[in-house]
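> no sequence for this one, just the structure:
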């Protein structure tokens, strides 16, 4: 994975005031904007992006009283990704009770000045998402901050992009970091239906759960096919236009291994 990452040392981050809570996996990433005026000169001057990220950290630490910048990462106009709290750490920006569900990526776009995201900014957001999937266990969802929290964040233009499926500039809709080819031929179907109720356990359950996790779904690999696995199955079946019954039969089993990751 290629990413132009700006480390905390490089952007001059202050040390956090305490220890982060651990976050090993999420349903995905929520996209944010700054919500204020963003200087149009920033689009041509990366040093202004660095200063802006430092000012966000000051606001969060000194104004909000948080232990650090609230975002996991920040994406700028030059397709660079600033490390905020980083993968594996609980963010603070999604809202009370919502931070464990998604990482938080802010784009340096506001509600005045720089408002319309460019391809470079959108690609920076996707670089951050890909990084969090590779390093932080981020799931397949790409949501806006306003999804589940009363706010106008990430603003009209950026949220419209999110609602379209967050298409990567270039024409594809990569809900899992770009449509990827099939992962290979499916292993033989185990010959029994995985369904709930009742609770089913076994190696075949573990194999299916592990494959769904590889595809980016937020699922526990616990060898138990219960209500959570059934719900993931239903959402996957709907995505792949299969019969939505929550049962892993032959077709759903094969799709888990052979269908493109979207």
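Happy to help now that I have it. Computed from a predicted structure; not experimentally measured.
> where does the stretch 151-262 of the chain have low pLDDT?
170-184, 262 (pLDDT under 70).
> now do stretch 42-61: everything it contacts.
Taking contacts as CB atoms under 8 Å, 6 or more residues apart in numbering, the residues outside stretch 42-61 that touch it are 6, 11-14, 17, 34, 38-39, 41, 66-71, 74, 76-78, 80, 82, 92-93, 106, 108, 114, 118. Using the backbone N, CA and C atoms, a C-beta is placed for each residue, glycine as well.
> what mean pLDDT does the lengthiest helix in the chain have?
Counting residues, the longest helix in the chain under DSSP state H turns out to be helix 119-136. Averaged across helix 119-136, the pLDDT comes to 94.
> show me what counts as buried in it.
121-133, 136 (16 or more other CB atoms under 10 Å).
> which of the contacts of stretch 42-61 fall in strands?
Of the contacts of stretch 42-61, the ones assigned to strands by DSSP state E are 6, 38, 74, 82, 106.
> in the protein, which residue is most central in space?
Central residue of the chain (CA atoms, centre = their mean): residue 29, 2.5 Å from the mean position.
> how close does the residue sitting furthest away from the middle of the chain get to residue 202?
What lies farthest from the middle of the chain is residue 191; by CA atoms, centre = their mean that is 34.3 Å. From residue 191 across to residue 202, the span is 12 Å (CB to CB, to the nearest Å).
> again, but for residue 4
Counting by CB to CB, the separation of residue 4 from residue 202 is 45 Å.
> what's the answer for residue 242, then?
Note on residue 242: its distance to residue 202, by CB to CB, is 22 Å.
> out of these two, which sits in the busier spot?
residue 242 (17 against 14; other CB atoms under 10 Å).
> sorry, back to before: and the residue nearest to the centre of the chain, what pLDDT?
For residue 29, pLDDT reads 97.
> ok, and for the helix or strand containing it, which residues are buried?
Using DSSP states H and E, residue 29 sits within strand 28-33. Neighbour counts over strand 28-33 (16+ other CB under 10 Å) mark 28-33 as buried.
> and which of the residues you listed is nearest residue 186?
Set against residue 186, the nearest of the buried residues of strand 28-33 by CB to CB is residue 28 (25.1 Å).
> residue contacts, the closest residue to the closest one other than its chain neighbours?
Closest residue to residue 28 apart from its sequence neighbours, by CB to CB, 6 or more residues apart in numbering: residue 141 at 2.9 Å. Contacts for residue 141 (CB under 8 Å, 6+ apart) come out as 27-29, 102.
> how about residue 238?
residue 244.
> how far away is it from residue 169?
27 Å.
> residue 76 now?
15 Å.
> who has more neighbours out of these two?
Comparing residue 76 with residue 169 by other CB under 10 Å, the one with more neighbours is residue 76, at 25 against 14.
> torsion angles phi and psi at that one?
phi -110, psi 180 (degrees, to the nearest 10).
> list the contacts for it?
With CB under 8 Å, 6+ apart, residue 76 has these contacts: 42, 46, 49, 52-53, 82, 107-108, 121, 124.
> tell me the pLDDT at it?
Residue 76 is given a pLDDT of 96.
> nice, that's everything, thank you.
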